[in-house]
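Participant: The sequence and its predicted three-dimensional model are supplied below.
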Amino acid sequence: MTTVPHGGTTDVRRRWRATRHAAEALCARSLDLQTAARSATARAEALRTSGQARRSLARSAGSGHLSPAPARWGSDFTVEGLVDGEVVRARWTVAGGLAAPDELVRRAEIVVALGETFSVEEGGDEVLAELDGHSMAALLTVVRAFTAVRSIRMATRAGGPARG
C-alpha cells in the first residue's frame, strides 16, 4: 500500500496544473511560429516568382528598365564583413568567380535566386544580381549577402589594390 504524505495530493495537482498550463502555452507558441513560417515561405516564394518574371520579361522584351550590369570593369574584389556575427571574407575574381565560406555563398545565391535588383535612383535603370559575368553586379550581390560590411578592396585596372 502506498501512502501519500499530508498535503501531497494538493501538491501533485498544483504541479499538474502548472505543467498543463506550460504545455498549452508552448502549443500556442508553436502554432504561432508555424503560421509565421508559412507566411514567410509564401512571401519568399512570391518574391522569387516576381523576380523571375521581371527578369524574364525584361530580357525577352528588351526593356530598358532592367539593364545588364555596366561593362566589365575588369576588377577583382575582396569584401570583409559579418555573417551572423562571424567575421568572414569573400573574394571574387573575373577569372575564378566567388570564393567564400559556404554560408555567404548560400546567401549570395539566394539574392540571385530572388531576382534582386540594384539601382542608383528610384525608377532608374536597375542592375540584376548575379555572381558570374559582371564585376559590379557580383560586388553588389556579395555585399547584399553580408549581415554587415567592414571593408571592400578592389583591384584597379593596373592590378594594384584600391580601397573603397
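Facilitator: Looks like it arrived, so ask away. Numbering: from 1, shown residues only.
Participant: Could you report the neighbour count for Asp11?
Facilitator: Using other C-beta atoms under 10 Å, Asp11 is surrounded by 11 other residues. For every residue, glycine as well, the C-beta is placed using N, CA and C.
Participant: got the domain boundaries for this structure?
Facilitator: 1-63, 66-163 (automatic domain parsing).
Participant: least reliable of those domains going by mean pLDDT?
Facilitator: When the domains of the chain are compared by mean pLDDT, domain 1-63 comes last with a mean of 77.
Participant: Nearest spatial neighbour of the spatially most central residue of the chain, chain-adjacent residues omitted?
Facilitator: Nearest residue to the geometric centre of the chain (C-alpha atoms, centre = their mean): Arg107, 4.6 Å. Distances taken as C-beta to C-beta, 6 or more residues apart in numbering place Ala145 nearest to Arg107, at 3.8 Å, with adjacent residues excluded.
Participant: helix or strand for Val12, which one?
Facilitator: Under the criterion of DSSP states H and E, Val12 resides in helix 8-61.
Participant: gap between that helix and the chain center?
Facilitator: How far helix 8-61 lies from its chain's middle: 19 Å, per C-alpha atoms, centre = their mean, to the nearest Å.
Participant: and if you look at stretch 115-128?
Facilitator: Centre-to-centre, stretch 115-128 and its host chain are 18 Å apart (C-alpha atoms, centre = their mean).
Participant: if I pick the residue nearest to the centre of the chain, what's in contact with it?
Facilitator: Going by C-beta atoms under 8 Å, 6 or more residues apart in numbering, Arg107 touches Val83, Ala145, Phe146.
Participant: Quick one: residues contacting the first one.
Facilitator: Meaning Val83. Going by C-beta under 8 Å, 6+ apart, Val83 touches Pro101, Glu103, Leu104, Arg107, Ala145, Phe146, Thr147.
Participant: would you turn these into CSV with secondary structure and distance to Ala95?
Facilitator: As requested, the contacts of Val83 are arranged in CSV below (DSSP: H, G, I helix; E, B strand; the rest coil; distance: C-beta to C-beta, whole Å):
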residue, secondary structure, distance to Ala95
Pro101, coil, 20
Glu103, helix, 24
Leu104, helix, 20
Arg107, helix, 23
Ala145, helix, 21
Phe146, coil, 23
Thr147, coil, 28
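Participant: ok, of these, which one's closest to Ala44?
Facilitator: Arg107 (13.3 Å; C-beta to C-beta).
Participant: any idea how far Ala129 is from the closest one?
Facilitator: From Arg107 across to Ala129, the span is 11 Å (C-beta to C-beta, to the nearest Å).
Participant: contacts for stretch 92-101?
Facilitator: Contact with stretch 92-101 is made by 72, 74-79, 83, 88-91, 105, 108, 131-132, 135, 138-139, 142, as judged by C-beta under 8 Å, 6+ apart.
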